[in-house]
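[1] need coordinates for the following:
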Amino acid sequence: MPPRKRKSDDQRRKENKERQARLRERETSPQRKRRLEEQKDRQKKLREEQSTDEVEGARARETSLRRSKRLQLSAEQTGRIRNRETQQRESSRSQLSTEERDTVRDRETHQRQSSRSQLSTEERDTVRDRETHQRQLSRSQLSTEERDTVRDRETHQRQLSRSQLSTEERGIIRDKDTQQRQSRRKEAPPQTLDQAIKKFQQEMRKRPVHICTCCHRLLYRKGVQVFDIAKYDKISREMRDFVLAEKYREVSIDGKIYICLTCHKTLKCDKMPVQAVANFLYLEEQPPELQDLNELELRIISLRIPFMRMVTLPRGGQKGIRGAAVNVPADLGPVCTLLPRLPADAHIVSLCL
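    Numbers count the residues shown, from 1 in each chain. You can find the predicted model right below:
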């Protein structure tokens, strides 16, 4: 009987992979879920026994392996895998507290920055362009409200991250952002006259219809953000309960509650916004006796007679005041004694025909 040939390590490893692939094709969903949980537990135990450098090295190797595997897949398969991983991350993060989420986000940001610092300038630009393209594709599938929510969340995250920087670092980031905007404008294709007119008309249709829940001003969409009471947990309870009380909240035309950027920044500093309605600027409701009066009757009983020059503003079709506004006090004593006039005081002769 001829001796059996001894298999090499590569052949044995290949056969094991094929056997595992056949077993995974046959396993059911609960079996697959249990296998993945056991695999995660094993990895967790191994990482607990290792040092920090070894854990980061193992994580980097796993990341590089996943990237090399994904390069061999098609765009659709890569998108499905990315969506599944995103859902898994969101489901796991929803069970964490706010502090734990911030810790996880900071750790991921630090990992991305450390991995990008090892790349060349061209590779960084390639990664940035790819991520920008992915964000644009994912946002194109969202509704208008979801896009606004994502934009507000990213703006809030940028403001938080930049608030922890020094003045010099903020200036550097601002200059870099300005250069990026200028380069994008130069690379953008030139607009035709019809496209420019259409864009101008679309911008002119936008009106200040978003109500700030703090100061009750009508503002444009760029000047407000979606109101979230959880963002003001770090301010004093008295300030939050007084300024952001339920009785002062106003719902905008799209069914959402907004807060302007000015009031938001002031509240984050634990201060009272100057134009807040709670700052004794709340207008009481008119009594029923004064709701049905015409223009002449309102002028007769007004305590102040205003004199001002009204002009139409060049943009938006709104009205503005030019020059000084003068309020002349009115004495309502003679008005109350003369009106309503009696028939004897009106010099009217009544006739019966």
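
[2] wasn't residue 326 part of a helix?
    No - counting by DSSP: H, G, I helix; E, B strand; the rest coil, one finds residue 326 to be strand, located in no helix.

[3] I'd assumed residue 309 was in contact with it.
    No - using CB atoms under 8 Å as the test, residue 326 is too far from residue 309 to be in contact (10.3 Å). The C-beta positions use only the backbone N, C-alpha and C, and glycine is treated the same way.

[4] for residue 40, report the pLDDT, please.
    In this model, residue 40 is scored at 79, pLDDT.

[5] okay, now it: neighbour count?
    When neighbours are defined as other CB atoms under 10 Å, residue 40 has 10 of them.

[6] kindly export the particular helix or strand that has it in it (C-alpha atoms) in CSV.
    Secondary structure from DSSP states H and E places residue 40 in helix 29-49. Taking Å, rounded to 0.1, in the frame of the first residue of the first chain, the C-alpha atoms of helix 29-49 are listed here in CSV:
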residue,chain,number,x,y,z
SER,A,29,-30.8,32.1,11.5
PRO,A,30,-30.8,31.3,15.3
GLN,A,31,-27.7,29.1,14.8
ARG,A,32,-25.9,31.9,12.9
LYS,A,33,-26.9,34.4,15.6
ARG,A,34,-25.6,32.0,18.4
ARG,A,35,-22.3,31.4,16.5
LEU,A,36,-21.7,35.1,16.1
GLU,A,37,-22.4,35.8,19.8
GLU,A,38,-20.0,33.0,20.8
GLN,A,39,-17.4,34.4,18.4
LYS,A,40,-17.8,37.9,20.0
ASP,A,41,-17.5,36.5,23.5
ARG,A,42,-14.3,34.7,22.5
GLN,A,43,-12.8,37.9,21.0
LYS,A,44,-13.8,39.8,24.1
LYS,A,45,-12.1,37.4,26.4
LEU,A,46,-9.0,37.4,24.4
ARG,A,47,-8.9,41.2,24.3
GLU,A,48,-9.4,41.4,28.1
GLU,A,49,-6.3,39.2,28.5
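
[7] quick one: list the elements packing against it.
    Judged by 3 or more CB pairs under 8 Å, 6 or more residues apart in numbering; DSSP states H and E, the packing partners of helix 29-49 are helix 52-71.

[8] ok, and what's touching the helix or strand following the helix it packs on?
    From helix 52-71 onward toward the C-terminus, using DSSP H and E, the following helix or strand is helix 75-93. Here helix 75-93 makes contact (CB atoms under 8 Å, 6 or more residues apart in numbering) with 70, 73, 101, 104, 134.

[9] surely residue 332 and residue 305 touch.
    No - counting by CB under 8 Å, residue 332 stays clear of residue 305, with 11.5 Å between them.

[10] show me where pLDDT drops low in the stretch 101-250 of the chain?
    Within the stretch 101-250 of the chain, no range satisfies pLDDT under 70.

[11] if you set the cut-off to 90 instead, what comes out?
    Scanning the stretch 101-250 of the chain for pLDDT under 90 picks out the ranges 101-209, 220-223, 226, 228-250.

[12] strands along that one, start to end?
    Secondary structure of the stretch 101-250 of the chain by DSSP state E, counting those that start in this stretch: the strands cover 210-211, 218-219, 224-226.

[13] okay if I get the ones you listed as TSV plus mean neighbour count?
    Listed next are these as TSV, based on neighbours: other CB atoms under 10 Å:
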stretch	mean neighbour count
strand 210-211	23
strand 218-219	16
strand 224-226	23
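
[14] may I see those organised as CSV, with distance to residue 38 added?
    Below are those laid out as CSV (distance: least, CB to CB, whole Å):
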stretch, distance to residue 38
strand 210-211, 51
strand 218-219, 54
strand 224-226, 41
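
[15] so for residue 185, which of the ones you listed sits nearest?
    Taking CB to CB, strand 224-226 is the member of the strands of the stretch 101-250 of the chain nearest to residue 185, at 25.4 Å.
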